[in-house]
Structures are given as C-alpha cells and as structure tokens.
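K.L.:
The sequence and its predicted three-dimensional model are supplied below.
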Protein chains: 4
Amino acid sequence: MIDFCLVGAGFIGPVHAANLAAHPRARLSWVVDLDAKAATTLAGKYGAHATPDLAQALADPAVRAVIVCTPPRTHVTIVEAAARAGKAVFCEKPVDLDLARIDRCSEVLERTGVPFFVAFNRRFDPSHRALHDAIRAGEIGRPEMLILSSRDPEISPPDQVAATPYGIFYDTMIHDFDMARFLLADEPVEAFARTACMLDERENPHRDPDTAMVVLKMRSGALVHVNSSFRAVYGYDQRIEAFGEKGMLISDNWQATTLERWGHDGIRRDPLLHFFIDRYAESYRRELDAFVEALESSALPSIGLDDGRRALVIAEAAVRSAKTGAPVALPS
Amino acid sequence: MIDFCLVGAGFIGPVHAANLAAHPRARLSWVVDLDAKAATTLAGKYGAHATPDLAQALADPAVRAVIVCTPPRTHVTIVEAAARAGKAVFCEKPVDLDLARIDRCSEVLERTGVPFFVAFNRRFDPSHRALHDAIRAGEIGRPEMLILSSRDPEISPPDQVAATPYGIFYDTMIHDFDMARFLLADEPVEAFARTACMLDERENPHRDPDTAMVVLKMRSGALVHVNSSFRAVYGYDQRIEAFGEKGMLISDNWQATTLERWGHDGIRRDPLLHFFIDRYAESYRRELDAFVEALESSALPSIGLDDGRRALVIAEAAVRSAKTGAPVALPS
Amino acid sequence: MIDFCLVGAGFIGPVHAANLAAHPRARLSWVVDLDAKAATTLAGKYGAHATPDLAQALADPAVRAVIVCTPPRTHVTIVEAAARAGKAVFCEKPVDLDLARIDRCSEVLERTGVPFFVAFNRRFDPSHRALHDAIRAGEIGRPEMLILSSRDPEISPPDQVAATPYGIFYDTMIHDFDMARFLLADEPVEAFARTACMLDERENPHRDPDTAMVVLKMRSGALVHVNSSFRAVYGYDQRIEAFGEKGMLISDNWQATTLERWGHDGIRRDPLLHFFIDRYAESYRRELDAFVEALESSALPSIGLDDGRRALVIAEAAVRSAKTGAPVALPS
Amino acid sequence: MIDFCLVGAGFIGPVHAANLAAHPRARLSWVVDLDAKAATTLAGKYGAHATPDLAQALADPAVRAVIVCTPPRTHVTIVEAAARAGKAVFCEKPVDLDLARIDRCSEVLERTGVPFFVAFNRRFDPSHRALHDAIRAGEIGRPEMLILSSRDPEISPPDQVAATPYGIFYDTMIHDFDMARFLLADEPVEAFARTACMLDERENPHRDPDTAMVVLKMRSGALVHVNSSFRAVYGYDQRIEAFGEKGMLISDNWQATTLERWGHDGIRRDPLLHFFIDRYAESYRRELDAFVEALESSALPSIGLDDGRRALVIAEAAVRSAKTGAPVALPS
C-alpha cells in the first residue's frame, strides 16, 4: 500500500483523490491546500489528514508519493520540496511555463533521484493507447501524417485566457504536442501556427487566440496537423488519425450512451461528453495505476520531466510562429 | 441488342423502362397499357411503340422479352400470352396470389420452354448480395439465425390493404420469405405469425394487419425472424442480420448522403431513403442486367416460377398462422 | 454509511464487493460463504469479516442489508433468513425457479416488511435506461414492436446447461423478459418459442437448447421478439430496438475502444466486450447505488419480488411453448 | 435535346459519354480524338460520329455544346476553338497550368459570350453539396475551421508526377482549394504548405511530393487545412469537416456496400471505393445535368473560368510555399 499526499484540492484534485481511494494498492493520506477548508473537505471524504502546510505532510515518513495538482506556476516549488523530502512525484501538466525553471527543477530531481511523472493523461486513454500500440506494432508501417483534433466546448478554466496568453497552445495543444511525440516516437523540427479569435468580446474579452491550426514537420519527414477551438458546441472533441504506408488508425470520440433515435428528421446519437474529466476518466485511473506500478517495480515512470519540457518547447515555437507568421525551427 | 415489350406503364413500369433505356444491350420497343395515354407517354420518352393491345406487341417478331408489371392478378394471363408467343418473361412479384393458377401457368411455361424470371429484386441489392455471397463462402459457417427487418414508411400502394387482405404478408414479407430461402439455401418447415393493427382508422380503415412478426423454422434447424410495419416514420427500413457459428453479417440501410450534423443536441445523420424505388434503385438495374445476361447466354434465369410459388406458400402459411394463432407446418 | 453482508463469494460476488468498496455511502462488513477460504479471501481484500455461517453475520446489528449472490436454488432460504433478521435484501436473479417457493418467500417478505430488490441489472445500463426514459417521455409514441438480441459468447456458467434444463430461457432470456415488461410498462398475454441445438456434442453435451427465438404478444397489442444464442463468436451481444408510431430507439453494443483500423481489407473496429461482467460493469454500479438510495430514502426498491416472479412466469411459458410447439397463454 | 461534341476519348471521356447517353435531354453527337480508333470506339457505343478533326465536329451546326476532356495543356486551344464556333463549353479541370494563357482564354470567352463551365465535379457530390447547403442555411453559424482530407490510393494518372511537378497541388488539391472557396464563400489571403516524399523510388521515381499538408487563412479569418497523399491503401479517401460557431458538419466517405462482418477479430466494413470515378459517379451525372439546365435556362453556369483561375492561383501559392518554406500571401 502506497501512501500519497495530494497537493491542490481544487479542479482536478478530487479526481485523483477518488482514484487513489479506489486503487487497491494506493491510499490518500494527506490533502494539502492553502485553502484549509478545501483541504479538510476533500480529506474528510476519504479519511485522510488535511493541512495548509506542505512541510507538515512531507514530514510524514509514511508518505511515499506526492501528487501535484495546484495551478501551473506553483508546480516547480512543490515538486522540488517533495523531491528534497525524498518523495516520488506525480505532477500535473504543464510542469511550468518557464523553461529555465524546468531546467533548474531537473537538476533537483537528478540530485535527489526521486521518481518523477508528468501527467499527460491522454497517453493512457484506452483508444489513444490502442492506436499507439498499433503504430508500434507496425500495423500502418511508417507513419506519414498525424491529425489531431482537440477542441474544448468552452474556455476552461474560465480565467485561463487571462492567466496565460496563448493558452490554446500552452494548455490545450500541449497535450497534442506530447501525443505527436508519443505516437510517432519522433521529434518535430519545425512548427507553423495560425490562430484566430472567433469568440465574441464577452466570451473572450482578452482577445487571446481561441481557434488555432498547427503544422509540425517531424525528423522522419512525417507531417502533423493539430487543430483546436474553445467553442465546440457539440461537446469535448478528441480525435486522432494516424495515416501510414499500410493503412490508417482512428481513435474516435466517446459518448455517454449508445442510444440512437430514429425519427422524421434523421438518426440522432448523443452529443459528445462535455467535460474533459468525464471524457478522460479512464485515463486518469490508468495514469495513476501506471505511476503506482512504476513505484512498486522501481521502474522509471513512463513520462519524465524531459517529456514535459519538450512539449513546452513545441508550444513556445507554435506561439512564436503564430506571432511572427513564419514557421519556427525547433532545436534538434 | 434485345428488344423488350413492357406491359404496365404505372408505378414500377417507368423504373424498368428507364433501366432498359440505359442498358447497353437492351432496348424498350413496346409499352402496353390498357390506359392508352399512359402507354403513349411512357413509350414516347424512349422512342418506343405504344399500344393498349398486348397481342399487337407480341406479334412483333423483333420483341424477344416481355416485362410484366401490371397489377398482380393480371400477371398470369399476360405471362401465358407472352410464353405462347415465344417470348422470354420477366414478371413482377407476386406472380399471383392463387397457387392453382400459378401451377397452371407453370404448365404453360414448361410446354413453351421460354425463359421465365420472377423479379425478387432484393436478391440483387449490392449489400444483400454481398451478405449472401459471404454466407455461401462460409464466412459465418452454418447459419443459425436470420433476422429480417422490413418496414415501409406507409401503406403502399395506398389502396393495397383494401385490395389484398393480409397484404403485409403477400406484398411486403413475401420478399423476406424469398430472401430467407435465398440466403440460407434452405426451406421452411413451419411458420408462426402474429399481427397487430397499430395504425388508426383513418390510415388503415379496413383494419387489415399493419404490423407483423413471423418466426420460421427451417429444415436445417435455423430460425428466421421477420418483422414488418407499414409505419416507419424514419423511412424505408431494410436490414438483414445473419448469425452463424463463425460470426454475423449485417446488411444495413442506405442513406441519401453521408452528412453528419453535430450540434448541441447530438450527432444527426439523414433519415433513411423514404421510397422503396429509391432504396432499391440499384437492385432494379442489376436484376434487369441479370435477366439480359441469362438471355444472352441461354442460361436459366436465376429466379424461376417455383421461387415465386414457394414464397407464396410461406405467405399463405403465415396468414393461416396469424388467423388461427397456431404455428402452421409447411409441406416439405 | 450502510453496512452490507455479502452472501456468495464466487462469480458475481466480487463485482458487488468491489462496488460496495467504491461506494461513498456503503461498506462491505461481512462476506459469507460455505467455502470459508473464498469468504476470507474476498473479505480480506476490503477489510470485512468472513464467515461460513450466515447466522453469525446476520446477528451483527450493524448489518443493514444483505446481498444474495449464491447459486439460484439457495436464494430463497437466504432471503428468508435475512428478512427474518430484519435486513434489507438485494437478491441476484433468478429469485428461484419454483413459483411456489417464490410465493412462500413473498409471504415472509410481506410479514417482515424488509425492503427487497431483485438485481435485474440491465435496467440500469446507461443506454438501455436512456432508451427506457425516451419511451416514457413519449419520443416514439405508442411502442409497437420491441426486438431484443441477447447473445452470449459461450455457455456461461459452463455447467449451467446441466444444472438447469432450458437455461437459455431461465438464465439468459429472463433478463429480456424483464426488460420487455420494464421498457413497455406492459405485460405479455402470450408466448411462442422455438429452439435449436446448434453447438456440437462437445460444447453442449446435454443437448439443451443453445439457440432460441421467442415472440411475445403484449396486452397493448405490441409485439416483442427475443433471440438468443450461446455462441456469439464476436462477443457478448446486447441490443435493444424499440419501434413505435413516432420513431425508433436503438440501444447498441459497447466496445472496449473507439479505434478504427483502415486497411486493404476494409475498416475494422474492436469486437464486442466478451464478458457480461465487463459489458454491464456500469449497470452493476448503478443498481447498487439505486438500492442504497432506496434504503436511505425509505423508498421501495424499484424492482420487487413480483418482478422476479413475473419474469419467471414468462420463462416458464416460453419453455412450455418450446416443448409443445404451440403458443402459450399467460395469466392476465 | 442538346447535342454535344466530346473532345478526348480517354480516361474521363467515357464517363461523360455514358452520362450524356443516359441524360433525358442531352445527346452525344460527336467524339473527337486524335487517336481516330479511340474516337470511333467510343462514338460507336452511342451512335455518335467520330473524327480526329475538331474543326469538322465544330462545323456541325447541330452541336450546341462541347465537353473538353483532353490532357490539361490542350484545354485552352480547344476551348477557344469551340468558343469561336459559338459552342457552349464544359471544360475539365484544371483549365490550364499557366495563368497568362487562362487570361487570354478569358478574353476569347468574353468576346464570344458562350457559356463556360469548369468541371469541379466535387461541388456536385450529394454529401458535399448537402454540407454546402447546410453552411449556407446557417446551420453552423460562422464557419471557423474547414478540414479537407483528400487522398488517392495511388499516383493517378500513373505518369502524372512526371508530367506536372507538384502535381499533388495542381491535380489533387486544386479540387480542395476550389471546395474551400465554394463551401466558405470566401477567398484565401495566405497559403502555407509542407510536403514529403513518402513513396519509394520505384513508385515515385521523380521524387515529386506525394504527401502534403496545407493551411489557408481566409479573409474572414477562418482557417482551412488540407491534407493529401498518393498512397491511401484503404481506398480513395474524401472527407470534409466544417466547424463553426454553432456546430460541425462532416461529409464522410462512401462505400460499395453497407455490409458489416462481425467475427472474432472485430467488426469489419468494406474498404473505401478505390477509384475516383466510382466515388464521384453521382457528381459527374449531376454536374452534367447542371450544365444542361444552365443551357436550357440561359443561366450562367455555376462555375466559371474565374473559379478555375482562382483555384490555380491558390495551387501556385502552395507550391511556392512548399518550395520556399515560408507562407505565401495571396492577392486579394
């Protein structure tokens, strides 16, 4: 049984807490949140301790691992504290938005030698993973084109655009950049991006891009297209299409039911699941399970700090391309 | 080039006329209809002769084949006249509703030796045919269950219920009974039927069954289910499902377009094609082509009078079962 | 927090145990099984007590509810003991195969007044339930035909055919009979059944039916068709189609992933989930939740002993029809 | 009845010839081809005259319209000759690959005033057209992203790469560039393109791009992505996805049958139609019909020379972007 300390009781925190509670070999021991009440409420649900003081939780020798799901700019500080306390770390993405800070964090992690995992949960979605495994197994031969459609039904979290300019790259497409690397087992050499503000002033008051298309060129020559929007009215749209010399693989959306309604006006299925936490519920379970298994077997977690760093480098290149209008070369 | 005489300018007649016109090796030479104006209109469209007098058209030595698409109870007389004139015959289903008449007609056909074809067009639908071929090729091993859903969007033709009591068996399911024989290459030994009147007095004033379910037991032990309705509001619904020891085959519906509309309320596709002549347009072309090919190669047409007779025998058994409430054994 | 005693550690027992463990307001306190080791193993996983002695567990005043998931013929005895101990009862289907025993059990339940729930889990499948709700909401107007395809990939449990002659009706279709009642809010007045033995001697040594079709006629005149097989090689096949005056509703199968593989030979999706426990995982969670909610709110559980009895009456009629070859009237 | 002269008996010529033959108000009168034998063979099939001499056919006063389906670089000469002879012109795409020649041709057309139609057949595909009409009807509000997947199963015609460098833009994507303009009723202001050579030396000896991705920015701000390949092993892949503020529209592929094969290894549908002439058979019929209707009603054909020119301008910009690596601004 592995004892966890969860840092950050809001938003995605309760998802990880519930998955810890249901996991046969993991246990939620501490919930840390500056908002003491939020910490207490979440901890109380699962019989865990609550504290606003991270140091107190890290001082508990029973705690073996820390889940970091606070806002992005606080990640590194917490990661470093946990690492120095000798705890394994499971960190929400993005690790940070500043490459220099990530690099300093990397030194701390290397020095302390604790296992570190970046929670790119989509890698664990059953359909995306099956697509990945089929590519690896050679089902489509050499991959030639990858097309990722990654659309949110709304700007989420609501204050994100204000918080992070070009959040569509840093917050949403960063997942797709990671998936491109993961699925193709390849690195980009160039990024081209175009954006638009399609939402109205009320929905997008800062006029930060809410619609974007990217083309990546990979070392292998494979071409990648990503498109995103913050206004998919039909739900949270997540599709991947991998085209290769021997065929194509498509990972399609999930729906809440399989019901079809046949009437005068046609055949109707459910809209897509609206919320990414519902859509990727299984991914969250599986990524936690993968982390637990890595700790149990003393294996390296499958997604390390370098993966978090590389996804950020691509996002930065996309932002620069969007700003300058020219394609941006990526360091090889 | 094979010259055809078409008898019956209404309803399905124009479909066959157009297919003759488009066929590279067939030609519409005569249109016969008691309604001289209907004959003239249809014939004029394709440069054919028109007459209300069947004998006149049959006297033309250039005519090699006759298409009979008049109302069912006139079929046999026309078939016999055509046969006596030495013409090959393509006859719409049902051949007749009276087994004794069919048997007398059979004698005429045998004596004259002309090629005879019953137009069970569904055998020529590309999807149904692919299902048939897959069964024959052993893809599902021994067939164990066959389920045919065969539903009309309305009572059609509108006066049919009045014209033929239990028309749902004689006019609609007779196709499915033929398909069961064709797909399974097997004969039924028992029929059980249940019916209902679900349409209201205005739509179904004669209270003839408008909804029906049938179970057939085949010689091989395979079980067949057929269900029909005269009120499929979402269009003309035609599905076949063949289940066997090694798998299942499904021939699904066609739609006019592949368009999907994704919105707040879900994902919507087109309703089904509404009209059987649209749904089976390709079948009509292919059955005519099969008939032409049989004539060209002096082969026996693939569906003979006995097929028409056997489908009628099953329909009669279904009617008797519906009336008595008991299953009805079929002569082996 | 409601404390449960689970009776029967085999087969479906672990499913209910895991769902209890994950339920926020329920707790597994006791596992009872004559096989003390099985009880101990399952109990140990969730920190519950284990005993081979039902009386010992029932004597625990903290226990408020009992889940009965032993073999069917032991159900009634356990139900009665639990009821006499004043515990609410959640009982796997079928309650029993003997109507007289069910009736005696009914008296005990009435006398003791404990809440009783028959676990017809399919009522809680999200897609089936959405279909049910759409019918209730009038989306298809008056239901006219209901078609249930209910096929197992194998005879399951393996010794079932031996244990219960006509198990295809008593064990498999009993679910569909319940669903027909539930979905249509109607009762059957007649059952007709036909069966076949399609599996070979090795797979089905007792030559009990492994393939079956049923037609039910409902009071409202609606027609119901059920088909089952114990050899769906492509997985556990569970589809429902409800046809009505205003449209049709289809609850389709689930698959493990949404992956499509496009190649030379076509477009391929996953086979169906193989195992009913995977297919209906969500139903098992939701039926337990419904039971917990009923206890919390002192409401009557939504499926009572009478529902269990009525499904059995239909199964018996189907067996009689299969044996005699004639339709069987059902008591109104 | 409108008499046609068809110029070019190869490749797409027979498709137009057959559609003329089947059209109720059009007739094939002349087939012109330098290869006199090819002309004679095709003409013979439909009772038309054959000649290697265009002037001879144009001298026939009965001829009212000319279909130009010779190789692209001969189009303009024939178009001009036909225009000078006062014939309406239906011209295959691309009109030419040289903008200056197109402009000179434009003057001739203006001077002669004959109706002129560029055969961008995809505009007439029933599904694509339904998508277009839904956008026009406001179903998705303002269009924000358009994604066109346009993939050939092989380099086609086989010698194309040799014949036209960057044929993937000039021959294949030129359709998609036209569709972007047509569907969005908007013009591009910038094109960015990336290409790759994925086929091996044997399949693509000239190392001309066989794989490409393009991003267009439209005046309205909408973003367009096009991807193409000359090696879609699963068939001719043609999909359009239009995303807007109120929803999404998808025009999906067609398949030859609706058959599904369910087995141990999953559920399999047909591969896509392999050949563009099969895939777009209905488009070819409908574009001819639209041209005939325009002639009958003296309306302007719906696709004029300017449309052909604009699509070529976009293709040229894409080529320049692919060569230079930078996005290319389009003249407004």
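P.N.:
Received it, and whenever you're ready, just let me know what you need. This one's a predicted model, so the numbers in the text were calculated from it and none came from an experiment.

K.L.:
What does the pLDDT read for the residue most central in space within chain A?
P.N.:
Nearest to the mean C-alpha position of chain A, counting by CA atoms, centre = their mean, stands residue A:120 at 3.7 Å. At residue A:120, the pLDDT value in this model is 97.

K.L.:
Spatially nearest residue to it (excluding sequence neighbours)?
P.N.:
In space, and not counting its chain neighbours, residue A:120 is closest to residue A:178: 4.6 Å by CB to CB, 6 or more residues apart in numbering or on different chains. In short, each C-beta sits where N, CA and C put it, glycine included.

K.L.:
contacting residues around the helix or strand harbouring the one you found?
P.N.:
In the assignment (DSSP states H and E), residue A:178 maps to helix A:174-184. Contacts with helix A:174-184, where a contact means CB atoms under 8 Å, 6 or more residues apart in numbering or on different chains, come from A:93-94, A:120, A:122-123, A:128, A:131-132, A:135, A:143, A:146, A:148, A:150, A:186-188, A:216, A:218, A:220, A:222, A:224, A:226, A:228, A:240, A:242, A:307, A:310-312, A:314-315, A:318.

K.L.:
correct me, but the residue nearest to the centre of chain A touches residue A:305?
P.N.:
No - Residue A:120 is beyond contact range of residue A:305, at 11.8 Å (criterion: CB atoms under 8 Å).

K.L.:
still on that earlier bit, show me the residues around the residue nearest to the centre of chain A that make contact.
P.N.:
Shown in contact with residue A:120 (CB under 8 Å, 6+ apart): A:93, A:175, A:178-179, A:182, A:287, A:303, A:307-308, A:311.

K.L.:
Recalculate using a threshold of 7 Å.
P.N.:
Neighbour list for residue A:120: A:93, A:175, A:178, A:303, A:307 [criterion: CB atoms under 7 Å, 6 or more residues apart in numbering or on different chains].

K.L.:
Quick check: closest non-adjacent residue to residue A:217.
P.N.:
Residue A:217 sits nearest to residue A:190 (CB to CB, 6+ apart), 4.4 Å away.

K.L.:
Might you calculate how far whichever strand or helix holds the one you found sits from the centre of the chain?
P.N.:
For residue A:190, the host element (DSSP H and E) is strand A:188-196. Remark: strand A:188-196 is offset 20 Å from the chain centroid, using CA atoms, centre = their mean, to the nearest Å.

K.L.:
Equivalent analysis for stretch A:147-156, please.
P.N.:
13 Å.

K.L.:
What of stretch A:76-86?
P.N.:
The answer for stretch A:76-86 is 20 Å, by CA atoms, centre = their mean.

K.L.:
So is stretch A:270-285 next to chain B?
P.N.:
Yes - for stretch A:270-285 and chain B, the contact criterion (CB under 7 Å from any CB of the partner chain) is met by A:270-271.

K.L.:
Show residues contacting that stretch.
P.N.:
Residues from elsewhere that reach stretch A:270-285, judged by CB under 7 Å, 6+ apart: A:15-16, A:19, A:121-122, A:124-126, A:153, A:234-238, A:253-257, A:259, B:264-267.

K.L.:
Any chance of a ChimeraX selection covering the buried ones in those?
P.N.:
Those of the contacts of stretch A:270-285 that count as buried under 16 or more other CB atoms under 10 Å in any protein chain shown are selected in ChimeraX with:
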select /A:15,16,19,121,122,124,125,126,153,234,235,236,237,238,253,254,255,257,259 /B:266,267
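
K.L.:
ok so, going back, send over the strand holding residue A:190 as PDB, restricted to the C-alpha atoms.
P.N.:
C-alpha atoms of strand A:188-196 as PDB (Å, rounded to 0.1, in the frame of the first residue of the first chain):
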ATOM      1  CA  PRO A 188       9.400  17.900 -34.500                       C
ATOM      2  CA  VAL A 189      12.000  20.000 -36.400                       C
ATOM      3  CA  GLU A 190       9.600  22.800 -37.400                       C
ATOM      4  CA  ALA A 191       6.300  24.300 -36.200                       C
ATOM      5  CA  PHE A 192       3.900  26.600 -38.100                       C
ATOM      6  CA  ALA A 193       0.900  28.000 -36.400                       C
ATOM      7  CA  ARG A 194      -2.100  30.200 -37.400                       C
ATOM      8  CA  THR A 195      -4.700  31.500 -34.900                       C
ATOM      9  CA  ALA A 196      -8.000  33.300 -34.800                       C
END
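
K.L.:
tilt between it and strand D:188-196?
P.N.:
160 degrees (axes from the mean of the first three to the mean of the last three CA atoms, to 10 degrees).

K.L.:
then the helix or strand following strand A:188-196 to PDB, C-alphas only?
P.N.:
Downstream of strand A:188-196, the next assigned helix or strand under DSSP H and E is strand A:211-218. The C-alpha trace of strand A:211-218 is given here as PDB (Å, rounded to 0.1, in the frame of the first residue of the first chain):
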ATOM      1  CA  THR A 211      -9.000  28.900 -32.500                       C
ATOM      2  CA  ALA A 212      -5.700  27.500 -33.900                       C
ATOM      3  CA  MET A 213      -4.200  25.300 -36.500                       C
ATOM      4  CA  VAL A 214      -0.600  24.000 -36.400                       C
ATOM      5  CA  VAL A 215       1.500  22.000 -38.800                       C
ATOM      6  CA  LEU A 216       4.600  20.200 -37.400                       C
ATOM      7  CA  LYS A 217       7.300  18.700 -39.500                       C
ATOM      8  CA  MET A 218       8.900  15.700 -37.800                       C
END
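
K.L.:
now the contacts of residue A:120 in a markdown table, with neighbour count, pLDDT and distance to residue A:247?
P.N.:
Output for those, formatted as a markdown table (neighbours: other CB atoms under 10 Å in any protein chain shown; pLDDT from 0 to 100; distance: CB to CB, whole Å):
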| residue | neighbour count | pLDDT | distance to residue A:247 |
| --- | --- | --- | --- |
| A:93 | 22 | 91 | 31 |
| A:175 | 23 | 97 | 25 |
| A:178 | 24 | 98 | 24 |
| A:303 | 26 | 94 | 27 |
| A:307 | 20 | 96 | 27 |
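
K.L.:
of these, closest to residue D:203?
P.N.:
For the contacts of residue A:120, the closest approach to residue D:203 (CB to CB) belongs to residue A:178, at 33.0 Å.

K.L.:
Count the neighbours of residue A:232 for me.
P.N.:
23 (other CB atoms under 10 Å in any protein chain shown).

K.L.:
Distance check, it against residue A:250.
P.N.:
Distance of residue A:232 to residue A:250, given as CB to CB, to the nearest Å: 18 Å.

K.L.:
Take the contacts of stretch A:270-285 and keep only those in helices.
P.N.:
Counting by DSSP state H, the contacts of stretch A:270-285 place A:15-16, A:19, A:126 in helices.

K.L.:
Quick check: buried residues in the helix or strand hosting residue A:38?
P.N.:
Secondary structure assignment for residue A:38, by DSSP H and E: helix A:36-45. Neighbour counts using 16+ other CB under 10 Å place A:38-40, A:42-43 of helix A:36-45 among the buried residues.

K.L.:
Dump the helix holding residue A:178 to PDB, restricted to CA.
P.N.:
Output of helix A:174-184 as PDB, limited to C-alpha atoms (Å, rounded to 0.1, in the frame of the first residue of the first chain):
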ATOM      1  CA  ILE A 174       0.500  20.900 -25.300                       C
ATOM      2  CA  HIS A 175      -1.400  17.600 -24.900                       C
ATOM      3  CA  ASP A 176      -1.400  17.200 -28.600                       C
ATOM      4  CA  PHE A 177       2.300  18.100 -29.000                       C
ATOM      5  CA  ASP A 178       3.000  15.400 -26.400                       C
ATOM      6  CA  MET A 179       0.800  12.900 -28.200                       C
ATOM      7  CA  ALA A 180       2.600  13.600 -31.500                       C
ATOM      8  CA  ARG A 181       5.900  12.800 -29.900                       C
ATOM      9  CA  PHE A 182       4.500   9.800 -28.100                       C
ATOM     10  CA  LEU A 183       2.600   8.300 -31.000                       C
ATOM     11  CA  LEU A 184       5.300   8.800 -33.700                       C
END
